[in-house]
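Engineer: structure for the following, please:
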Amino acid sequence: MKKFFLLAAVLLCCAAFVPTAASADDSADFLFEDYEEFFEPDIDGGPWVYHSANLTICIKMSYEDNRLCYIADIYIRNNEAAYTGWAHMNPPGRVTELPHVIARRYDAVFGLVGDYIPHRTNDKGVNIRDGIVYFDEDDADVLAVMPSGEMEVYEKGTVSADDLLALGVRDTLAFGPIIVKDGEMTEAVYKHHLKPGNVRTGIGKVEDGHYVAIVTRSRYTFPQYAQLFMRYGCEWVFNLDGGHSAAMFIMGEQVNGHSYGKLYAESTVYMRQRPLSDVLLIGTSELVPGEDEKALYSGSR
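Structural biologist: Below you'll find the model as predicted:
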């Protein structure tokens, strides 16, 4: 019975926009009660709900501006922390895997595409993975996972690898840009070279312990994408790899799909989900299927 009422509460949170701060705290207090771990997916179209002592996630499909989006409400507690995962657990190289397979190797509860760190032609910032510094440059904004489990963002050139290591940071992503900061759109939404419309992946912070991740099915410009997160009350938003790399997955299954079409108008290559080299993960669970077990959702295939 407790499980039923918790599930109902989570679904109610997923059904509406982020409430005012007071009511959000009330909802969070109820969700954080120590119920047994469970995963309740709706394969036909969501929501997908996971709950444990350290993590509550509800993913819903929502038509925002008449365009399909996958929106995850994420509550972390007890120092639960995000971390990074490699294709074949092999850092870092040109090897790639479908993101839901990477997640299964790590028994990860939830994940998003990372920043494709092996692409050396991309702008680089501070890239730290499992405490190892791979890049210490100042050409890209940075998302850092703090020892408390909270995530924080830094504009390019404002932090070094030594600075972050001194704070106890062991994992960062350096893709970006930061498109919302202090609750307002940044200048990057108008100036960054990735600003034109594209399929998007990103994560934003509402308050300590509460994050929102959004993957779009259609093309969003940066101003449109920033406004979408701002509706959900995010104080900052960090853009991640998009296009055919865009991915959101939970309990070893990818929830978003890609249209089977050309990646670029001039291309002759037809693609679905692009295999990836690295991902951003949250939580672990023994309930995650093995990497060789059949995927159920079309987004995973």
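Engineer: quick check: Tyr75 touching Thr56?
Structural biologist: Yes: the pair Tyr75 and Thr56 passes the contact test of C-beta atoms under 8 Å, sitting 4.3 Å apart. Using the backbone N, CA and C atoms, a C-beta is placed for each residue, glycine as well.
Engineer: those two: which is more packed in?
Structural biologist: Thr56 (25 against 21; other C-beta atoms under 10 Å).
Engineer: check which helix or strand covers the more buried one.
Structural biologist: If you go by DSSP states H and E, Thr56 is part of strand 55-64.
Engineer: where does pLDDT dip in the stretch 151-300 of the chain?
Structural biologist: 259-271 (pLDDT under 70).
Engineer: for it, which segments count as helices?
Structural biologist: For the stretch 151-300 of the chain, the helices defined by DSSP state H, counting those that start in this stretch cover 161-166, 188-191, 222-231.
Engineer: again with the stretch 1-150 of the chain
Structural biologist: Going by DSSP H, counting those that start in this stretch, the stretch 1-150 of the chain shows helices at 2-15, 21-31, 99-105.
Engineer: weakest of the ones you listed by average pLDDT?
Structural biologist: Lowest mean pLDDT of the helices of the stretch 1-150 of the chain: helix 21-31, a mean of 43.
Engineer: one step back: only the buried residues of the strand holding Thr56, if you could.
Structural biologist: 55-62, 64 (16 or more other C-beta atoms under 10 Å).
Engineer: any chance of these in a markdown table, plus distance to Asp130 and pLDDT?
Structural biologist: Listed next are these as a markdown table, based on distance: C-beta to C-beta, whole Å; pLDDT from 0 to 100:
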| residue | distance to Asp130 | pLDDT |
| --- | --- | --- |
| Leu55 | 20 | 95 |
| Thr56 | 26 | 96 |
| Ile57 | 23 | 96 |
| Cys58 | 29 | 96 |
| Ile59 | 27 | 96 |
| Lys60 | 32 | 95 |
| Met61 | 33 | 93 |
| Ser62 | 34 | 93 |
| Glu64 | 35 | 93 |
